[in-house]
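In: Curious how this folds, go ahead:
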Amino acid sequence: MIKEIKTYKLCYEGINEERDALAIKGLAEHPMEIVVSKIETSDGHIGYGESLAYGCSDAVQVTIEKILKPLLLKEDEELIEHLWDKMYKATLRFGRRGIVIAGISGVDIALWDIMGKKTKKPIYKLLGGSKRKIKAYITGGYYSEKKDIEKLREEEAYYVKMGFNGVKVKIGAKSMEEDMERLRSVREAVGENVKIAVDANNVYTFYEALEMGRKLENLGIWFFEEPIQTDYLDLSARLTEELEIPIAGYETAYTRWEFYEIMRKRAVDIVQTDAMWTGGISEMIKIGNMAKVMGFPLIPHYSAGGISLVANLHVAAALGTEWIEMHLRKNDLRDKIFEESIEIDSGRLVVPDRPGLGLTLREEIFDEYRCNS
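Out: Modelled structure (predicted):
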């Protein structure tokens, strides 16, 4: 039985000044903050989950504490599907996307963590998975006044030297000619055998994306992520039809229903989703299996704390995905949140094999990284 649910707003102030196109254009700033849900059962088991909280941690925390928690207390923690449906249906009038689904996501991850600990199995095995190491591509190439093309080359070459065979570079904040110059420089630095993807973070218009996509094709870019606003699915479908370069997205979509529309319209060639905001592990596995049925590869997205990265890793292992996204920007909410390190072996992330999420959360982080406001 669920005895208590507590939430913690965690912020990391040490992230550097690097920005993506969306931030540079003044449309969004992404402070490094997460909301961690801690669920305790009457028999002493504890699970942890992470929710998306880019600039909205107050709202996410209130949603969990005031709306979701009363629905869950004294419920059987093992009935994860039932509890997901209960939360979703109770919030239909004001949820279905955004902050409410982010809150549900963190709760759901925590419930899976508990289930794994109770059964003494890692989550990926509960989901039927077997794959233990998954290739990671490194998202870097952010814009910065301190990063000229030579520093960009050094950054991407460093990732390859570490053993990663895929990288992703941010585009969209500079002119197309300047971004193409950056990408040509990266190609020279990493060689022909390393996959290079790009991410526009939704900033292009349809015609800009079409023009840029044709330029990217000439450079042999791996995939073109979130070229336009997520809501324009018909236009995104036109891009997938007119461009040879695969269109990837949309991490900013929520739940199986929205992803069904994305896939039904063939608005992408590669599906990207993230447990911390799509509805948790329960929903991400459904989206992944739907992608299998409809013939789409899935590459999990990642951008925030360590709990969501590990949750995505378990789902990726269960689905048998080939790739997963990883960042190496300085981020204590990823690197110092657990007692153990997230293991990397020759450019592959190793799925933890201990019960639940498989890593031990440091309780001290709730004080060390508590948000000041």
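In: quick one: low-confidence ranges for the chain?
Out: Scanning the chain for pLDDT under 70 picks out the ranges 16, 26-30.
In: Identify each buried residue in the longest helix that it contains, please.
Out: Longest helix in the chain by number of residues, with DSSP state H as the criterion: helix 98-119. Neighbour counts over helix 98-119 (16 or more other C-beta atoms under 10 Å) mark 98-118 as buried. For the C-beta atoms, the positions are set from N, CA and C on the backbone; glycine is no exception.
In: go on, stretch 210-219?
Out: Across stretch 210-219, burial judged by 16+ other C-beta under 10 Å covers 210, 212, 213, 216.
In: doesn't residue 204 make contact with the second one?
Out: What that stands for is residue 212. Yes: the pair residue 212 / residue 204 is scored as a contact, 6.4 Å apart, by C-beta atoms under 8 Å.
In: can you give me the helices in the stretch 201-350 of the chain?
Out: Using DSSP state H, counting those that start in this stretch, the helices assigned to the stretch 201-350 of the chain run over residues 206-218, 233-242, 255-264, 275-278, 280-294, 306-319, 332-335.
In: Pick the most deeply packed of the ones you listed.
Out: Using mean count of other C-beta atoms under 10 Å, the stretch among the helices of the stretch 201-350 of the chain with the largest mean neighbour count is helix 275-278, at a mean of 32.
In: from the chain's centre, how far out does that one sit?
Out: 7 Å (C-alpha atoms, centre = their mean, to the nearest Å).
In: before we move on, what about stretch 244-258?
Out: The answer for stretch 244-258 is 12 Å, by C-alpha atoms, centre = their mean.
In: who touches the residue nearest the centre of the chain in this structure?
Out: The centre of the chain sits closest to residue 302, judged by C-alpha atoms, centre = their mean, with a distance of 2.8 Å. The neighbours of residue 302, taking C-beta atoms under 8 Å, 6 or more residues apart in numbering as the test, are 139, 274, 308, 309, 312, 324, 325, 326, 327.
In: Could you list the domains of the chain?
Out: For the chain, automatic domain parsing gives the domain ranges 2-120+363-368, 125-350.
In: and of those domains, who's closest to residue 356?
Out: Relative to residue 356, the nearest member of the domains of the chain by C-beta to C-beta is domain 2-120+363-368, separated by 3.4 Å.
In: what about residue 329, distance to residue 352?
Out: Going from residue 329 to residue 352 by C-beta to C-beta, to the nearest Å gives 22 Å.
In: which one of those two has more residues nearby?
Out: Legend: neighbour count by other C-beta atoms under 10 Å for residue 329 and residue 352, higher for residue 352 (24 against 15).
In: so what's the more buried one closest to, chain neighbours aside?
Out: Nearest residue to residue 352 in three dimensions, chain neighbours excluded: residue 358, at 2.5 Å (C-beta to C-beta, 6 or more residues apart in numbering).
In: quick one on the thing from earlier: which residues touch the helix or strand following the longest helix of the chain?
Out: Counting by DSSP states H and E, the next helix or strand C-terminal to helix 98-119 is helix 123-126. Applying C-beta under 8 Å, 6+ apart, the external contacts of helix 123-126 come out as 112-113, 115-116, 119, 130-131, 281, 311, 313-315, 317-318, 351, 356-358.
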